[in-house]
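Peer 1: Mind folding the following:
(3 chains)
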Amino acid sequence: MAPETPRHWLHPATIAEARAAQAEMAARLVTEDALTARIPRLGGADVSATRFDPARRVFAAIVTLDATGDEAARATEARIADFPYIPGYLGFREVPALAACWARLSPRPDLLLVDGQGVAHPRGLGLACHLGLVLDVPTIGVAKSLLVGQAAPGPEPGDTAPILWKGRAIGVALRTRRGAGPLYVSVGHRVSLATALRMVREACDGRRLPPAIRAAHAAANDARRATMPPGPDPARA
DNA sequence: GCGACAG
DNA sequence: ATCTTGTCGC
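Peer 2: Numbers count the residues shown, from 1 in each chain, chains lettered A, B, ... in the order given. Modelled structure (predicted):
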């Protein structure tokens, strides 16, 4: 589908265009499980940015972890985002830079854990879905807070609770560590919710976030700190 | 109209 | 998302 992918999927000029693009993309989401009989090599995707940066600089990173959990590859991309951060439209801000990372990443993972929502989104198309569709790769949405819906899992590691929104279960809240806030897991692309939950649960061993997400976060921060001056927010200037 | 709101 | 030291706890 890459050849006929409309440019507006990545760079809508208006919110109205973005909403239309998301509705169209959501209809193309593949939710079947493509990983049932395979041990997937995990990858993580994240973007770092500074709060009040008038230049809209974003630093994206995607990492590949081997079966041992060691970093097998990393790719980062620094660029000026052409879309601001607007809740519900994160994909339009972060996907372009992440796609650039993916293009240069080798070896690539079989499955990407994305720092953001999957289908647990107002129009069913969070960052993980958006990225999965554009790259045509299996993804899982792993968010640290909710965009829509409610969920309150028990206090023990492994405890879960469905994320309910408008009477629908759109994902699962997972307690990965005692005393820490839960992770909100939802389908991204080509992965069932059952597999998504299993992957995330097995990945985070005692820690709140999966190693792949942590590694991507660190890589994105490294890229930012290498480009931006030290000291207090240069963005405030 | 008001409040909420991934990163 | 980012600004930041020490501090509480396994």
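Peer 1: Could you count how many residues lie near A:Val95?
Peer 2: Counted with other Cβ atoms under 10 Å, residues neighbouring A:Val95 total 26. The C-beta positions use only the backbone N, C-alpha and C, and glycine is treated the same way.
Peer 1: what helix or strand is it on?
Peer 2: helix A:90-104 (DSSP states H and E).
Peer 1: residues in contact with that helix?
Peer 2: For helix A:90-104, the external contacting residues (Cβ atoms under 8 Å, 6 or more residues apart in numbering) are A:10-12, A:18, A:22, A:45, A:47, A:58-62, A:75-79, A:81-86, A:108, A:116, A:125-127, A:129-131, A:134-135, A:137.
Peer 1: how about 7 Å then?
Peer 2: Helix A:90-104 is contacted by residues A:10, A:12, A:18, A:45, A:47, A:58, A:60-62, A:75-77, A:79, A:81, A:83-85, A:116, A:127, A:130-131, A:134-135 when judged by Cβ atoms under 7 Å, 6 or more residues apart in numbering.
Peer 1: Also stretch A:30-40?
Peer 2: So stretch A:30-40 is in contact with A:Asp110, A:Leu111, A:Pro138, A:Val187, A:His189, A:Arg190, A:Val191, A:Ser192, A:Thr195, going by Cβ under 7 Å, 6+ apart.
Peer 1: The last one - nearest residue in space that isn't next to it in sequence?
Peer 2: Spatial nearest neighbour of A:Thr195, chain neighbours left out: A:Asp33 (5.2 Å); criterion: Cβ to Cβ, 6 or more residues apart in numbering.
Peer 1: Could you do the second one as well?
Peer 2: If the residues on either side of it in the chain are set aside, A:Leu111 comes closest to A:Pro40, at 4.1 Å by Cβ to Cβ, 6+ apart.
Peer 1: Now for the residue nearest to A:Ser48 when sequence neighbours are not counted: which residues touch it?
Peer 2: Once flanking residues are discounted, A:Ser48 sits nearest to A:Ala220: 3.8 Å by Cβ to Cβ, 6+ apart. Each residue near A:Ala220 by Cβ under 7 Å, 6+ apart is listed here: A:Asp46, A:Val47, A:Ser48, A:Phe59, A:Ala60, A:Ala61, A:Thr76.
Peer 1: In strands, which of those residues appear?
Peer 2: Cross-referencing the contacts of A:Ala220 against strands under DSSP state E gives A:Asp46, A:Val47, A:Ser48, A:Phe59, A:Ala60, A:Ala61, A:Thr76.
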